[in-house]
Structure formats: structure tokens, C-alpha cells
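**Q** model the following, please.
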Amino acid sequence: MITLDRLVNVLGGYGVRLCGRPEARTMWLRGVAMPETADRHAASDLLLAVGAAGLDDAVRWAAAAQATAVLVRLEEPEADEPRLPEEPEAGESRAPAEPADLERRAAALGDRYGVAVLLADPAVSWSQLAGMVYGLVLESRETASGRGPTDLFALADNLADVVGGAVTIEDRHSRVLAYSRSQQAGDPARLETILGRRVPDRLRELLQRRGVFAHLAATDEPLFVPADAANGLTGRMVVAVRAGRELLGSVWISCAAPLTGDHRRALADGARTVALHLLRSRASADLERQVESDLVIRLLEGSADAATTASRLGLAPHDLRVIAVRADTADDRHAALLLAFEQATTGFGWSRPGRSALLGDTLYTVLRAEEPGAARRWITALHAELPARVRVAAGIGAPAEVAELPAGRQEADECLALHESAAPGSVPPAYDESWDDLLLRRLRAAARTGRTPARGPVSTLLRYDTRHGTRFVPTLRAWLESQGDLTLAAERLQVHPNTVRNRLRKMGELTPLDLDDARQRLAMTIMLAAMEDELRL
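**A** A predicted model of the protein is given here:
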């Protein structure tokens, strides 16, 4: 059971649009029906107008069924279709209706009969539309991608039995979704793909060079991929899995020669069935991602009843850490970030350790982790599931209560900025371990904007060192860090303690330097830390 608004948001990605009646978006959909041949008045909240001759038929059927909404899929406007009064009279010629004209007609009919009209892209079949709608409105089973069908592995087994070869089902990013138990005609490349849960990079490059991916993007016709012994690859038949105009994935069958006849037809039929399964699964997962993301954003912005929202997300009330992640490649930031979000929200909702949302150019995940190590392991696992070329930077907030998550987000953002400026391969910082580095980073940022005193002792000594080549500032810093121990300060500077003593005396002659005042010692220590970048020059 979902609202019409949720249904429209998900199906909108497949070319379905709501025509008029925006007030109907809040209505709940509890059932789906298709009109029977003998009785066009099947009652339900949502009517799939299969077999309707035109818009008028579809909307009248929905009104008779007392439906909230009707889903209509029209190949082309009918020349003899009944018209609204403002349209030309029968017998007058007219050009085929433009999409905007069709939507205006649908909105007018919907207002007349009190039904929300959903127009579907003709490129998406009724079987695919029905599968998505039934899955969203009625089903509640879960898979690795969210709610939806659970038998992709069974489908792979059935197809392998029919065709007589090992089957692998992959998504559009060459990640393994399911595979058959059968090892008939299996090969090392298939085993490596299954164990790694994605096609290895060297095989992807081989397939790219052979034009396989270009073929999958352009046509639904099965393609034979010849063997390549050097890469452990025997022959393959591959076919695109498509929904309308969108490529969802592919089905691969190990075989020594191209499939023909019934086997080729079985492969094509199997691809259409996989498309239906993936659409239902992805549509349901997209809905869950949207709901999850909305709740996480409310927690991070502090605009919700924190305890209630956390309970809805299945989060513990304490020891929560916010993780901020940015992912990009040399030529694209947004695609990598979307891949990271998809990976972070893939899996059984109740078994995933975190709950995630996209805000701007950052992926935020909230998970329970008393120690930073658990959060770092989560980041490492996320990075491992992304393509090798993707760079990942991350920051980890300190443990927080649910109500403290907005502060945890700020901490994670600061740690993320710290990680982005660190050396490649460095460990993602956690706020409770790196608060001192973050404080110094803030101070240095203030120093770069000219917000540090220009006439204090440290500034005066720095100018003197610059003009005369002395080392008064390093001496002052060594003495402060040694807490006034001349011997220790001398060891740090690799000079005699008397040299340190003489320098301190001369420094006192250049500027007021009250080293006995604890507050002045603290202020000078902070100043030196803030000016660290300048002092390295």
C-alpha cells in the first residue's frame, strides 16, 4: 500500500506522468485491477486500462470502478476516438496529437470524471508496467535490491536447464545479480566473475574492444562472443535486458557456438522475464531509498522527532556515527556518487548496518559504531564495491545520541574536508580521534583570512626572523612545547641550553614576552599552531 504520489515518483523514471488532479497525490492505493472482458467495471483504487481503445474508454472504466487513478498506455491517438467538446467535430481532419495535447486531454477527462490519469510511455510494455505496479502496491518481499521478486536465481537455473549452458545475470554495471547452479560449459572467467561479484576489469576491456557493450546499448538481438583462451573465456551468448528504451542489464550463457532455434528464443524470452523482475525490484528499491533518504535528511537537519524517526529507520538511540562520503573519478563526479549511494542502500533494509541519504554532493550514512574502526570497515567495504577507478574520501563523526546527529553531520563534514586534503591512501579521520587536527585546521583557516593579531609577540618575532635570518620563532615554539624545560627545548633545536636562554633574553628585548603568564603562553601556543603553514616556508 502506497500513496499515488509515491507511485508517480517511482514510475516517473519510466516515462509515466500524472495529468492534472494534483490533489489526488495524497490518496492511498490499496489495490490494483485490470478490466475483465465480460465486466469492464472491476473495482479497485488503481485500474490498469489494458485493452482500452482510447483515453475516453480508459477514464470511463475507471470512473465506473470508482478508482482513484487509471494507468493508460496508448500507442497512438485513434482517428475516430470520441472528442471533448472543444476538439474538432467528427469528420474534420486533424494531425496526430502532440504529447502536450494528449496530456491536456487526459487532464480534462480526469477532471470531468474525478479520476487521476497516468499516461505511460508506449515503449514500456503492459507486462512491465503491471509488474512494477503490482510489486509496489501489493508486495512486501525483500531481495538484495530491496522489495520485489526473490527468484532471479531460480530463473537462471530454469534458463540453464532449457538452453544447456551456465547462466549469469548482470546489471548494467557488469555486477552479478544471479547465476545458475549449473556449471555446464563453465569456465575460469565465469568463476572469477561470480567470486568477485562483477566482471573483472580486464574482461570488461576485452568486451569493450569487441564492441559487446555497444551492441547491448543499441539492440535487443542476442550476440555471440567468441572464446578467448588467454582470459579463460569460452564462448558466450549475451542479450540485453531492457525496459522500454533503458538498458537494465544483460543475460549471459556459456556455449561453444551461437544459439539457434528454440534455444535462441528461450534466451530472448528469458531476457524479457529478467527485465520484469529487475523493474519490479528496482522500482521497489527506489521507493525504499526515497523514504529512507527523506528520514535520514530529517535526522541530520534536526527537523524531526529524532527518537521516532530513528525508530522508523531501525536505528539504535545511541552510539551513532555520521559518515560523510564523496566519490568521483577523473572525468565524472556525479555518476560515481550515485553509484556509491546505490551501493550503500543495496541489501535487506533490516540487515544493512547504516541508513543513507544524498545531500548535495555528499553521501551521508548513519550507523551504530562505538569505535571508529567499525565505520572505517564500512567505508572500506563500500569502496571495494565500486569500480577501481573511483576515488573515495570520507569523514566520521564522533559517537552521538539520536538528537545529536546534526552536530555529528558537521563533525563528519570537517573530517571529510581533512581527508580530502590528506595524502592519498590515508585513513579516513574520525572526530573523536582527530579533533585536535580539526581545531588547528580551523585556526589555520582563520590565519589565512588575516584574522590573527598582526602586532602580537609571535607576529613581531616572525617579521624579525624574516628580515635578519634569526630563529626566534622556532625557539619560542620549542620552549613552549617543552613546557619551559631548557634542556628539552635545546635538544629539539639541536643547540646548547645557553643558546636557548640567550635567544629568549633577546626576544624579550624585541617584544613584551611575559613567559610567566599562563594565559600569554597559551595564546602564543595557539598563534604558533594557527600560523604553522606560514612557519614552514
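
**Q** contacting residues around stretch 200-218?
**A** For stretch 200-218, contacts defined as Cβ atoms under 8 Å, 6 or more residues apart in numbering pick out 174, 189, 192-193, 199, 221, 223, 225, 228, 231, 233, 238, 240, 247, 250, 387-388. (C-beta placed from N, C-alpha, C; glycine too.)

**Q** among those, which are located in helices?
**A** Per DSSP state H, helices hold the following members of the contacts of stretch 200-218: 189, 192-193.

**Q** okay if I get those as CSV plus distance to residue 414, neighbour count and pLDDT?
**A** Output for the ones in helices among the contacts of stretch 200-218, formatted as CSV (distance: Cβ to Cβ, whole Å; neighbours: other Cβ atoms under 10 Å; pLDDT from 0 to 100):
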residue, distance to residue 414, neighbour count, pLDDT
189, 45, 21, 89
192, 41, 17, 86
193, 40, 22, 88
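
**Q** out of the residues you listed, who's nearest residue 301?
**A** residue 193 (41.5 Å; Cβ to Cβ).

**Q** run through the residues that contact the closest one.
**A** Here residue 193 is in contact with 168, 176, 199-200, 203 (criterion: Cβ under 8 Å, 6+ apart).

**Q** quick one, what contacts the residue most central in space within the chain?
**A** Ranked by distance to the mean C-alpha position of the chain (Cα atoms, centre = their mean), the top residue is residue 341 at 1.8 Å. Shown in contact with residue 341 (Cβ under 8 Å, 6+ apart): 289, 356, 358, 363.

**Q** how near is the closest residue to residue 400 other than its chain neighbours to residue 397?
**A** Leaving aside its sequence neighbours, residue 400 sits nearest to residue 408 (Cβ to Cβ, 6 or more residues apart in numbering; 4.2 Å). Residue 408 is 4 Å from residue 397, where distance means Cβ to Cβ, to the nearest Å.

**Q** what about these two, which has more around it?
**A** The neighbour comparison of residue 408 against residue 397 (other Cβ atoms under 10 Å) goes to residue 397, with 30 against 26.

**Q** tell me the one of the contacts of residue 341 nearest residue 132?
**A** Of these, the one sitting nearest to residue 132 (Cβ to Cβ) turns out to be residue 289, at 15.2 Å.

**Q** since we're on the closest one, how many residues are nearby?
**A** 23.

**Q** if we can go back for a sec, element containing the residue nearest to residue 400?
**A** Using DSSP states H and E, the element containing residue 408 is helix 405-420.

**Q** likewise residue 252?
**A** Per DSSP H and E: strand 246-254 holds residue 252.

**Q** distance from the chain centre to the helix or strand just after that strand, please.
**A** Note on strand 246-254: by DSSP H and E, the next helix or strand toward the C-terminus is helix 261-301. Taking Cα atoms, centre = their mean, to the nearest Å, one finds the center of helix 261-301 at 14 Å from the center of the full chain.

**Q** quick one, what contacts the closest residue in space to residue 418 that isn't next to it in sequence?
**A** What sits nearest to residue 418 in space, not counting adjacent residues and going by Cβ to Cβ, 6+ apart, is residue 429, at 5.1 Å. By Cβ under 8 Å, 6+ apart, the contact list for residue 429 reads 395-396, 415, 418-419, 422, 437-438.

**Q** try 6 Å
**A** 415, 418-419 (Cβ atoms under 6 Å, 6 or more residues apart in numbering).

**Q** could you list the low-confidence segments of the stretch 301-450 of the chain?
**A** Residues of the stretch 301-450 of the chain meeting the criterion pLDDT under 70: 331-333, 347-351, 444, 446-450.

**Q** can you rerun that using 80?
**A** 303-304, 312, 330-335, 346-352, 388, 436, 439-450 (pLDDT under 80).

**Q** return the member of the contacts of residue 429 nearest to residue 156.
**A** Residue 156 lies nearest to residue 419 out of these, by Cβ to Cβ, at 40.3 Å.

**Q** doesn't residue 393 make contact with that closest one?
**A** Yes - here residue 419 reaches residue 393: they are 4.8 Å apart, a contact under Cβ atoms under 6 Å.
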